[in-house]
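Participant: no FASTA, just this:
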């Protein structure tokens, strides 16, 4: 009888011990390894939970992120050897998503701050600046240089009208370097290549 009780107790303890080992392993993952997992597209929901504990994006954003456990929704762009722009996706949307942007230092201690950027609209052939915000909508296209972003904000799912804005991260902020747009969705000639849209002067 005593042998039977010991064996059952051992069977109960083994799963608990295994869980503790897994939890300890997750806690022991280094920041550099977490960064590398994002860079190699191997980050998952556990990585997202870790970075949310550090960056503290909104509950509203997180509640919108209804995707498989294997999807982290985090993209990073190098600024220098230990600084990155982190793009946190709240939702991918039907054809363009909602995102937050953070500057993250991964040195001896993780430091971060939300980054604002301006988004724009065209009215009467003039560029109208929207209020700078840490939340933005659009399809994010990587630029050719480090910490350079192109954001395509479509006005129609057909893709023939909208605004394409290029930003470069300089001196701690996102500067607008180029704006191309086709504001008229009813235009007779429908151009679905944003790079061929008319260029507007940056304000």
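Facilitator: The structure has been received and is ready for your questions. Computed from a predicted structure; not experimentally measured.

Participant: could you look up the SS state of residue 179?
Facilitator: Here residue 179 is strand, with the state taken from DSSP: H, G, I helix; E, B strand; the rest coil.

Participant: quick one: pLDDT of it?
Facilitator: Note on residue 179: pLDDT of 95.

Participant: who are the contact partners of it?
Facilitator: Contacts here follow Cβ atoms under 8 Å, 6 or more residues apart in numbering; on that basis residue 179 touches 120, 127, 163-166, 199-202. Placement of C-beta: from N, CA and C, glycine included.

Participant: return the set of buried residues in stretch 131-148.
Facilitator: By 16 or more other Cβ atoms under 10 Å, the buried positions in stretch 131-148 come out as 135-140, 143, 147-148.

Participant: same question, stretch 100-112
Facilitator: So for stretch 100-112, counting by 16+ other Cβ under 10 Å, buried means 100-104, 106, 112.

Participant: of those, which pair is most distant in space?
Facilitator: Among those, the pair separated by the greatest distance (Cβ to Cβ) is 100 and 106, at 17.6 Å.

Participant: quick one: low-confidence ranges for the chain?
Facilitator: Per-residue confidence for the chain (pLDDT under 70) gives these ranges: 1-28, 143-146.

Participant: now the helices for it?
Facilitator: For the chain, the helices defined by DSSP state H occupy 2-27, 31-39, 45-55, 59-63.

Participant: packing partners for the shortest one?
Facilitator: Which is helix 59-63. On a contact count with 3 or more Cβ pairs under 8 Å, 6 or more residues apart in numbering; DSSP states H and E, helix 59-63 meets strand 83-91.

Participant: give me the buried positions along the strand it packs on.
Facilitator: For strand 83-91, a neighbour-count test (16+ other Cβ under 10 Å) marks 84-91 as buried.

Participant: which outside residues touch it?
Facilitator: Outside strand 83-91, the residues touching it (Cβ under 8 Å, 6+ apart) are 35, 51, 55, 57, 60-62, 64-66, 73-79, 97-106, 112, 115, 135, 140, 147, 149, 169.

Participant: in stretch 170-179, what counts as buried?
Facilitator: By neighbour count on 16+ other Cβ under 10 Å, the buried set for stretch 170-179 is 174, 176, 179.

Participant: any idea what the last one is bridged to?
Facilitator: This points to residue 179. Residue 179 has the following beta-bridge partners by DSSP bridges: residue 165, residue 200.

Participant: just give the nearest non-adjacent residue to residue 172, would you?
Facilitator: residue 103 (7.2 Å; Cβ to Cβ, 6 or more residues apart in numbering).

Participant: wait, what's in contact with the one you found?
Facilitator: Contacts of residue 103 by Cβ under 8 Å, 6+ apart are 79, 83-86, 112-113, 115, 169, 172.
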